[in-house]
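Participant: Okay, sequence plus prediction incoming.
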Amino acid sequence: MALLEVKDLEVYYGVICALKGISFDVNEGEIVTLIGANGAGKTTTMQSIIGLIPSRAGTVTFDGTDVTKTPCHKIVHLGMTQVPEGRRVFQELTVYENLLMGAYSNKNNATFKDDLERIYTQFPRLAERKSQIAGTLSGGEQQMLAMGRALMSKPKLLMLDEPSMGLSPLLVDQVFDIIKSINKDGTTVLLVEQNAGKSLAISDRGYVLENGNIVLSGTGKELMQSEEVKKAYLGG
Ligand code: ATP
């Protein structure tokens with residue numbers, strides 16, 4: 001059974017149909033990428049899965065539970081978190097306080113200290129800067145903080161919306177390395193990316209989204225070798 005199963009999902013913004021009945025799944029332990037151009041529907045997919053945007057039709061099943069109509073805060077308790085596009089850390093709070101906010105979605109606050117240590121080990125840069133105001137962190141550090149905050153609740157599924165956006169090539173590599181290591185540690189990952197090359201390279205499987213439809217799917221390797229993907233997303 002898949003950890004996440006999306007079936008015939010349709011989302012509208014008023015009369016505009018942003019998702020036209022998409023179906024895909026993510027198995028436990030996998031990294032799965034959704035790639036697509038601007039406006040393809042990637043963010044809408046992620047926001048709808050986590051209960052921030054209502055769907056008009058279709059179902060979302062997470063860990064055996066139908067969460068199609070479940071509000072976001074309840075879904076988070078079931079073990080799914082997301083890092084939204086643009087990172088959105090609490091700018092005025094310190095690194096530590098941001099991580100503390102992440103722990104609020106964890107039912108078991110008794111493990112807070114251990115969770116914090118785990119995140120500081122995984123992101124040594126955050127440990128060095130625990131008292132720094134988040135708004136003064138670099139873009140890459142803010143991305144790490146957003147990921148660290150999402151991981152405080154020990155999610156089964158972590159969804160990341162364009163984690164490489166706006167980062168220098170070196171930092172992009174670092175972020176993808178961290179995603180790989182998070183996955184190795186047992187977290188299943190759903191990635192949404194325009195940086196198709198890097199994301200497919202670390203993914204078990206991927207789906208190509210175009211105008212609200214899934215038009216292609218395969219293993220990361222297959223998609224990287226696909227002529228269509230090469231032409232449209234990998235610069236020829
Ligand atoms: P990007 O890579 O540019 O972030 P995306 O693949 O994440 O794009 P979405 O943000 O999901 O795409 O948008 C899908 C479609 O839905 C687009 O045509 C977009 O204009 C439209 N859309 C998104 N949000 C809204 C909204 N709040 N109201 C109306 N239309 C919207």
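Facilitator: Good, I have the coordinates. Numbering: from 1, shown residues only.
Participant: Which residue ranges of the protein form helices?
Facilitator: Under the criterion DSSP state H, the chain contains helices at 42-49, 72-78, 95-103, 112-122, 124-128, 139-151, 169-184, 196-202, 220-225, 227-233.
Participant: I'd like to know which of the ones you listed lies nearest to residue 30.
Facilitator: Closest to residue 30 of the helices of the chain, according to CB to CB: helix 169-184, at 8.0 Å. All C-beta atoms are positioned from the backbone trio N, CA, C, and that covers glycine.
Participant: got the contact list for the closest one?
Facilitator: With contact meaning CB atoms under 8 Å, 6 or more residues apart in numbering, helix 169-184 is reached by 29, 31, 122-123, 139-140, 143-144, 147, 151, 158, 160, 163-164, 167, 189, 191, 195, 198-199, 201-202.
Participant: Phi first, then psi, for residue 64.
Facilitator: Residue 64 adopts backbone torsions of phi 80, psi 0, taken as degrees, to the nearest 10.
Participant: Now do the contacts for it.
Facilitator: residue 1 are the contacts of residue 64 under CB under 8 Å, 6+ apart.
Participant: Find me the pLDDT at it, would you?
Facilitator: With respect to pLDDT, residue 64 has a value of 96.
Participant: Residue 78 versus that one, what's the distance?
Facilitator: To residue 78, residue 64 is 10 Å away according to CB to CB, to the nearest Å.
Participant: any chance of the helices of the chain in JSON lines, with mean neighbour count too?
Facilitator: Listed next are the helices of the chain as JSON lines, based on neighbours: other CB atoms under 10 Å:
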{"stretch": "helix 42-49", "mean neighbour count": "23"}
{"stretch": "helix 72-78", "mean neighbour count": "15"}
{"stretch": "helix 95-103", "mean neighbour count": "20"}
{"stretch": "helix 112-122", "mean neighbour count": "16"}
{"stretch": "helix 124-128", "mean neighbour count": "16"}
{"stretch": "helix 139-151", "mean neighbour count": "23"}
{"stretch": "helix 169-184", "mean neighbour count": "16"}
{"stretch": "helix 196-202", "mean neighbour count": "20"}
{"stretch": "helix 220-225", "mean neighbour count": "17"}
{"stretch": "helix 227-233", "mean neighbour count": "15"}
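Participant: Let's have those helices in a markdown table, adding mean pLDDT.
Facilitator: Shown next, in a markdown table, are the helices of the chain (pLDDT from 0 to 100):
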| stretch | mean pLDDT |
| --- | --- |
| helix 42-49 | 96 |
| helix 72-78 | 91 |
| helix 95-103 | 91 |
| helix 112-122 | 91 |
| helix 124-128 | 94 |
| helix 139-151 | 91 |
| helix 169-184 | 90 |
| helix 196-202 | 93 |
| helix 220-225 | 95 |
| helix 227-233 | 87 |
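Participant: so which of the ones you listed comes closest to the ligand?
Facilitator: The ligand lies closest, by CB to the nearest ligand atom, to one member of these: helix 42-49, at 3.2 Å.
Participant: Which other helices and strands does that closest one contact?
Facilitator: Under the contact criterion of 3 or more CB pairs under 8 Å, 6 or more residues apart in numbering; DSSP states H and E, helix 42-49 touches strand 4-13, strand 16-26, strand 31-35, strand 57-62, strand 157-161, strand 188-193.
Participant: Lovely, talk soon.
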